[in-house]
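Engineer: Need coordinates for the following:
(2 chains)
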Protein chains: 2
Amino acid sequence: MSARKGRIYIQEVAPRDGLQNEAAFVETVDKIALINALSECGFTKIESTSFTSPRAIPALRDADAVMHEIKRKPGVVYSALVPNLRGVERALAANVDEINFVLSVSETHNRSNLRMSREQSLSELEAIASVLKGSEVSLNVSLSTAFGCPMEGDIDASEVDRLVDQVAALDANGVTLCDTTGMAYPVQVANIGAEVLRRYPELTTTMHFHDTRGMALANVLAALDVGIVHFDSSLGGLGGCPYAPGASGNACTEDLVHMLELMGYDTGIDLEKTVDLSRTLEPLIGRELPSYLVKAGPRWKLHPVPDNQY
Amino acid sequence: MSARKGRIYIQEVAPRDGLQNEAAFVETVDKIALINALSECGFTKIESTSFTSPRAIPALRDADAVMHEIKRKPGVVYSALVPNLRGVERALAANVDEINFVLSVSETHNRSNLRMSREQSLSELEAIASVLKGSEVSLNVSLSTAFGCPMEGDIDASEVDRLVDQVAALDANGVTLCDTTGMAYPVQVANIGAEVLRRYPELTTTMHFHDTRGMALANVLAALDVGIVHFDSSLGGLGGCPYAPGASGNACTEDLVHMLELMGYDTGIDLEKTVDLSRTLEPLIGRELPSYLVKAGPRWKLHPVPDNQY
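Structural biologist: Model prediction:
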């Protein structure tokens, strides 16, 4: 394996996927400060909040205020998760750069997570695509449970293909394959990723892994091997999974950047600044985060020789 | 990437590398019970203890008793780590199946860890190889800091090659490339692994990763891709790193087995039994372990549909 070259694009999702399941409400001013600080780390895109029902996701009930008050850095795409047309109206009023529409590949998960059938979600998506047509706002579609559903189990890869077909038919800019509860494994990631890239080379295809079963970075490696260059990750590994309490969250941004940079890739991200920022999260949310880099430091951090040398 | 086929061999190292840095002394009877239970999980080899100075590694001061009292399961190799000829005499008296000799690729690390120069270590190794010649006891050589030294930093890959040459010249059965403090990364693992396999196809080449920076499973994937089929790992991810207090330990056995089996490989290991056994470790050592599987369960563990379905 020769050293890798090329640019990898990392979307930071801590402000949305990271925070949405946290028990402690993070104050609006702290969310804004976090997003502003992330903007200075080199991320190309920041999933900043979600426009969902405040009852469904109280942790992000301040979406409008957050989007209005953050400082927009030129070149950074400020994205927001949206599950329906009503959310899109709020998101557009708040000047998002990108709508990240979410639906699940698993019918059961879509119903339990979004309280709609997949058909209803697809109708919403169609209406949203019409609204956005010709606007400056881009449309990404996140497909939850693309690698398995915690209730249904295995998801047939042809179901993923079928939904990607529908996303592509609506002229969306991108699709994200989400491993919502950490069920993806390397062979599967390579197969599904290669197929989507082969069929839709013009679609920006992003992989969104959770580290629930410790495979997030191995899955990234498998995805890189088939040509995926866009990844979602979360500062500190923030992000829970309601089906595995106590388990790890999203792929951890600083651990991912560290691995990619060691391999020779260019992420455009300032790792030191990112690790420093990650250290500010634990006091905000009141629990320890799974970040490895926060604990161990980067590979190049050397240690003094102990004085027991013979 | 098509589903993988073939056998992967996992050496369980929790009783040695796992326990050696633990603050709490695990009682001899508990160590014996652990090794006996590991013997029933399907591991081909168990690194059971080390024959080192009781002052240097007090946690393993009961090596002789452990080796004498475990129940040997036919087909399982019971290995012990040894840094010098004196240790080999004790290990042979205790009927080990394999001597796992250790030295570091980094001169600084060898001196600080073993209180010898590498030349002195190599002299010990030469004497040990003579003692073992013609015996039933096999010889493996573990090369610490093969992927980087926490004090020296980068290790030139040619230094690894030079030491593997010397190991091969002594007719050792195997060599283990150890990522002692979690500095290995995928491109490097592939390069070093491919080179050793190319030069010494007859030598059993094992990879020993630590998860200090979260890359253990990604490194396994990179090693698999160049043909490595032998790995060390530790139940529960037990195993510390004196240079990164609080950081993760060895590659976690159950997380590794889970990934390999999902990919299609045959590990010969009973995952459910292994996870159950892993759960018994925390009370023994009095701290939480980094195992993902213990927290989240395997991928195929499904969850009930919540009753908020619309």
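Engineer: May I have the secondary structure class of residue A:41?
Structural biologist: Following DSSP: H, G, I helix; E, B strand; the rest coil, residue A:41 is assigned to coil.
Engineer: burial measure for it, as a count.
Structural biologist: Neighbours of residue A:41 under the rule other C-beta atoms under 10 Å in any protein chain shown: 25. Where you see a C-beta, it was placed from the backbone N, CA and C, and this is true even at glycine.
Engineer: And residue A:233, its phi and psi?
Structural biologist: When read as degrees, to the nearest 10, the backbone of residue A:233 gives phi -160, psi 170.
Engineer: Quickly list what it is bridged to.
Structural biologist: In this entry, residue A:233 is beta-bridged to residue A:12, by DSSP bridges.
Engineer: Kindly report the same for residue A:210.
Structural biologist: Under the criterion used (DSSP bridges), residue A:210 bridges to residue A:250.
Engineer: just the helices in the stretch 201-310 of chain A please.
Structural biologist: Secondary structure of the stretch 201-310 of chain A (DSSP state H, counting those that start in this stretch): helices located at A:216-225, A:253-263, A:271-279, A:281-285, A:292-296.
Engineer: Could you dump those helices into CSV and include mean neighbour count?
Structural biologist: Shown next, in CSV, are the helices of the stretch 201-310 of chain A (neighbours: other C-beta atoms under 10 Å in any protein chain shown):
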stretch, mean neighbour count
helix A:216-225, 27
helix A:253-263, 26
helix A:271-279, 19
helix A:281-285, 17
helix A:292-296, 24
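Engineer: count of neighbours near residue A:64?
Structural biologist: 15.
Engineer: Tell me which stretches of the stretch 1-150 of chain A form helices.
Structural biologist: A:28-39, A:63-69, A:85-93, A:107-114, A:118-132.
Engineer: Show me the one of the ones you listed that comes nearest chain B.
Structural biologist: Chain B lies closest to helix A:107-114 among the helices of the stretch 1-150 of chain A, at 5.2 Å (C-beta to the nearest C-beta).
Engineer: Taking helix A:118-132 as reference, get the angle to that closest one.
Structural biologist: Orientation of helix A:107-114 against helix A:118-132 (axes from the mean of the first three to the mean of the last three C-alpha atoms, to 10 degrees) gives an angle of 60 degrees.
Engineer: next one: stretch A:169-180 to chain centre, how far?
Structural biologist: With C-alpha atoms, centre = their mean, to the nearest Å as the basis, stretch A:169-180 stands 12 Å off its chain's centre.
Engineer: Can I get it as PDB, trimmed to CA atoms?
Structural biologist: Presented in PDB, the C-alpha positions along stretch A:169-180 are these (Å, rounded to 0.1, in the frame of the first residue of the first chain):
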ATOM      1  CA  ALA A 169     -34.000  11.000  -9.900                       C
ATOM      2  CA  LEU A 170     -34.900  14.000  -7.800                       C
ATOM      3  CA  ASP A 171     -31.600  15.700  -8.800                       C
ATOM      4  CA  ALA A 172     -30.300  15.800  -5.200                       C
ATOM      5  CA  ASN A 173     -26.700  16.900  -4.900                       C
ATOM      6  CA  GLY A 174     -25.700  14.200  -2.600                       C
ATOM      7  CA  VAL A 175     -26.600  11.000  -0.700                       C
ATOM      8  CA  THR A 176     -25.300   9.900   2.700                       C
ATOM      9  CA  LEU A 177     -25.200   6.300   3.600                       C
ATOM     10  CA  CYS A 178     -25.700   6.200   7.400                       C
ATOM     11  CA  ASP A 179     -24.700   3.400   9.700                       C
ATOM     12  CA  THR A 180     -27.100   4.700  12.300                       C
END
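Engineer: Within range of chain B, give me the residues from the stretch 1-150 of chain A.
Structural biologist: Counting by C-beta under 8 Å from any C-beta of the partner chain, the residues of the stretch 1-150 of chain A close to chain B are A:1-4, A:108, A:111-112, A:115-116, A:148, A:150.
Engineer: TSV please, covering those and showing pLDDT and neighbour count.
Structural biologist: Shown next, in TSV, are the residues of the stretch 1-150 of chain A next to chain B (pLDDT from 0 to 100; neighbours: other C-beta atoms under 10 Å in any protein chain shown):
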residue	pLDDT	neighbour count
A:1	68	17
A:2	74	8
A:3	82	11
A:4	88	15
A:108	96	18
A:111	96	21
A:112	93	21
A:115	94	15
A:116	96	18
A:148	97	23
A:150	95	25
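Engineer: Rebuild those as TSV, extending it with distance to residue A:235.
Structural biologist: Listed next are the residues of the stretch 1-150 of chain A next to chain B as TSV, based on distance: C-beta to C-beta, whole Å:
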residue	distance to residue A:235
A:1	28
A:2	30
A:3	26
A:4	23
A:108	30
A:111	31
A:112	27
A:115	29
A:116	30
A:148	25
A:150	24
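Engineer: residues in contact with the residue nearest the centre of chain A?
Structural biologist: By C-alpha atoms, centre = their mean, chain A has its centre lying nearest to residue A:232, at 3.5 Å. By C-beta atoms under 8 Å, 6 or more residues apart in numbering or on different chains, the contact set of residue A:232 is A:10-11, A:13, A:17, A:47, A:176, A:178, A:206-209, A:250-251.
Engineer: cool, residue A:223 as well?
Structural biologist: A:189-190, A:193, A:207, A:231.
Engineer: Quick check: phi and psi on the spatially closest residue to residue A:262 that is not a sequence neighbour?
Structural biologist: Once flanking residues are discounted, residue A:262 sits nearest to residue B:185: 4.0 Å by C-beta to C-beta, 6 or more residues apart in numbering or on different chains. Dihedral angles of residue B:185 (phi, psi; degrees, to the nearest 10) stand at phi -140, psi 160.
Engineer: pretty sure residue B:185 is touching residue A:263, no?
Structural biologist: Yes - between residue B:185 and residue A:263 there is a contact at 6.1 Å, judged by C-beta atoms under 8 Å.
Engineer: and the residues of the stretch 1-150 of chain A next to chain B, which two are the farthest apart?
Structural biologist: A:2 and A:115 (49.0 Å; C-beta to C-beta).
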